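J.: let me see the structure of the following:
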Amino acid sequence: MEIERCHTLEFQQWFKFKDIYATKNKAVIADAMSSIDISIPSLTRDWFSRAEFEKFVDDLIIRKIEVQEVVVEVSKKKHRGATKLSSVHGLDNGKRIVVQINELGQPVGEGGHSLKLFLGTIARLGDKMPIDAPTWRAMSATHKDDVLEYVQRKYDIPTYLKEWVMKDLDQKWRSWKYELRNKYFNPTLKQNEQQIPPDPRVNAEQWKRVVQTWSSNSWKRYNDINKKSKSHHKYFHCAGTKSFADINEEETKLQEVKITQPSSSSSSSIANADDIYSQSLMLGKKVKLCDMEGQPVANAIIMSLDKSKMVMGKSSGEEYYEVAILFAYKPNAPLFVKDNERKTVLDAVGSHIVWFRDFVELDET
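T.: Residues are numbered from 1 along each chain as shown. Sure, this is the predicted structure:
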């Protein structure tokens, strides 16, 4: 029987598609469907019965819906949400988390780390720490006392730690207000045009009042003074969520390991302890590179801790880390150390450079 060329192509397409369909591979089926016309070809009856074809199309429609659902589900990106510590907030009465305190009166260890994260969640709750208080000192004593009592119900901490808890809450509360102002407050808009943050932790009425404060001329003058003062700061905490107290605690333990080494051990065993300790802290870790203001400008990986290695004409020594930049937060930010081809962060993406150790922050996301 003579078959027209177009009919032959239809047959070839359908025959191929029927084989694909039999594999039950949704991704392959979806790809094939985008290039094949599923209307009945004129010669379909020569190779498929009407019943077979109708069943095939009905099932195909169901498959298409399933594939679309899979594609939508896969395309959804996962983002890290806010730290909630629901397990701590939901602790049964009478149960408390033990916090280890070092000789300087600072919380350390797992319990100490949990406490610091917990205080961060409290500082961001409008019902406990209202953002419309103009300063920490101006916040009511009732709010502070209630929060301290709440913390003591969740953590087994000595009474003398109250001052540390209050100072930590003060810092975290101010950081939270700064974050909200940077993200949602637009100084070019009128008060009634400001967007209310779509965050359940933010009280709408408190937001309106704090916007009124930020829009005042007196606050703008106060903010300008603070910016000038901040510009004179030379050193910033860039060790991520790990506090200096925790870092000091780890270093103390390392020294204890060295002291307790058997006398028969060679000096290399102590050097190995140093290497293992250093590698566990930084080598191969993802980090954020900060500028002189302490703001992250790039994401990178620590590539080497070799202090004698030469990179960009400099040895790492005690001053620099050798890093490989993955991507830039601020592409036009200048590098601390430049060469002929690399002046900005964007120029250095994908290459190895050196960065001041004091301005490297562990990326814990």
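J.: model confidence over the host helix or strand of E322, on average?
T.: Assessed by DSSP states H and E, E322 sits inside strand 320-328. Averaged over strand 320-328, pLDDT sits at 87.
J.: which other helices and strands does that strand contact?
T.: Packing partners of strand 320-328 (3 or more C-beta pairs under 8 Å, 6 or more residues apart in numbering; DSSP states H and E): strand 286-290, strand 296-304, helix 345-348, strand 352-356. For glycine as for every other residue, the C-beta is placed from the backbone atoms N, C-alpha and C.
J.: any low-confidence regions in this structure?
T.: 1-83, 222-224, 226-281, 365 (pLDDT under 70).
J.: please parse it into its domains.
T.: What automatic domain parsing lists as the domains of the chain is 5-75, 86-190, 244-362.
J.: returning to what we had before: could the helices and strands packed on strand 320-328 go into TSV alongside distance to D170?
T.: Formatted as TSV, the helices and strands packed on strand 320-328 follow (distance: least, C-beta to C-beta, whole Å):
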stretch	distance to D170
strand 286-290	23
strand 296-304	23
helix 345-348	33
strand 352-356	29
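J.: closest to V337 out of those?
T.: Comparing the helices and strands packed on strand 320-328 by their distance to V337 (C-beta to C-beta), the top pick is strand 352-356, with 5.3 Å.
J.: quick one: work out the angle between that closest one and strand 286-290.
T.: Strand 352-356 runs at 60 degrees relative to strand 286-290, counting by axes from the mean of the first three to the mean of the last three C-alpha atoms, to 10 degrees.
J.: return the set of buried residues in strand 352-356.
T.: Neighbour counts over strand 352-356 (16 or more other C-beta atoms under 10 Å) mark H352, I353, V354, W355 as buried.
J.: which strands and helices sit next to that strand?
T.: For strand 352-356, the packing partners by 3+ C-beta pairs under 8 Å, 6+ apart are strand 310-311, strand 320-328.
J.: which residues does that strand contact?
T.: With C-beta atoms under 8 Å, 6 or more residues apart in numbering as the test, strand 352-356 has contacts from 289, 300, 303, 311-312, 314, 316, 319-325, 335-337, 342.
J.: could you rerun that using 6 Å?
T.: L289, M303, V311, M312, K314, Y320, Y321, E322, V323, A324, F336, V337 (C-beta atoms under 6 Å, 6 or more residues apart in numbering).
J.: cool, stretch 172-188 as well?
T.: Against stretch 172-188 from outside (C-beta under 6 Å, 6+ apart): L119, G120, A123, R124, M129, I131, Q195, P197, W214.
J.: farthest-separated two in these?
T.: L119 and Q195 (27.7 Å).
J.: more neighbours: the two, which one.
T.: Looking at L119 and Q195 with other C-beta atoms under 10 Å, you find the greater number of neighbours at L119, namely 24 against 12.
J.: show me what the helix or strand where the more buried one lies is packed up against.
T.: Here L119, judged by DSSP H and E, is contained in helix 109-123. Counting contacts by 3 or more C-beta pairs under 6 Å, 6 or more residues apart in numbering; DSSP states H and E, helix 109-123 packs against strand 97-98, helix 162-184.
J.: buried residues of the last one, list them for me.
T.: Counting neighbours by 16+ other C-beta under 10 Å, one finds that the buried residues in helix 162-184 are 164-166, 168-170, 172-173, 176-177, 180-181, 184.
J.: what angle do helix 109-123 and that helix make with each other?
T.: 50 degrees.
J.: for helix 162-184, output the C-alpha coordinates as PDB.
T.: Written as PDB, here are the backbone C-alpha positions of helix 162-184 (Å, rounded to 0.1, in the frame of the first residue of the first chain):
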ATOM      1  CA  LYS A 162      21.500  37.500  84.300                       C
ATOM      2  CA  GLU A 163      23.800  40.400  83.300                       C
ATOM      3  CA  TRP A 164      25.200  38.400  80.400                       C
ATOM      4  CA  VAL A 165      21.800  37.300  79.300                       C
ATOM      5  CA  MET A 166      20.500  40.900  79.300                       C
ATOM      6  CA  LYS A 167      23.600  42.200  77.300                       C
ATOM      7  CA  ASP A 168      23.200  39.400  74.700                       C
ATOM      8  CA  LEU A 169      19.500  40.200  74.300                       C
ATOM      9  CA  ASP A 170      20.300  43.900  74.000                       C
ATOM     10  CA  GLN A 171      22.700  43.200  71.100                       C
ATOM     11  CA  LYS A 172      20.400  40.700  69.300                       C
ATOM     12  CA  TRP A 173      17.300  43.000  69.700                       C
ATOM     13  CA  ARG A 174      19.200  45.900  68.200                       C
ATOM     14  CA  SER A 175      20.500  43.700  65.400                       C
ATOM     15  CA  TRP A 176      16.900  42.600  64.700                       C
ATOM     16  CA  LYS A 177      15.700  46.200  64.400                       C
ATOM     17  CA  TYR A 178      18.600  47.000  62.100                       C
ATOM     18  CA  GLU A 179      17.700  44.000  59.900                       C
ATOM     19  CA  LEU A 180      14.100  45.000  59.700                       C
ATOM     20  CA  ARG A 181      15.000  48.600  58.900                       C
ATOM     21  CA  ASN A 182      17.400  47.600  56.100                       C
ATOM     22  CA  LYS A 183      15.000  45.200  54.600                       C
ATOM     23  CA  TYR A 184      11.600  46.900  54.800                       C
END
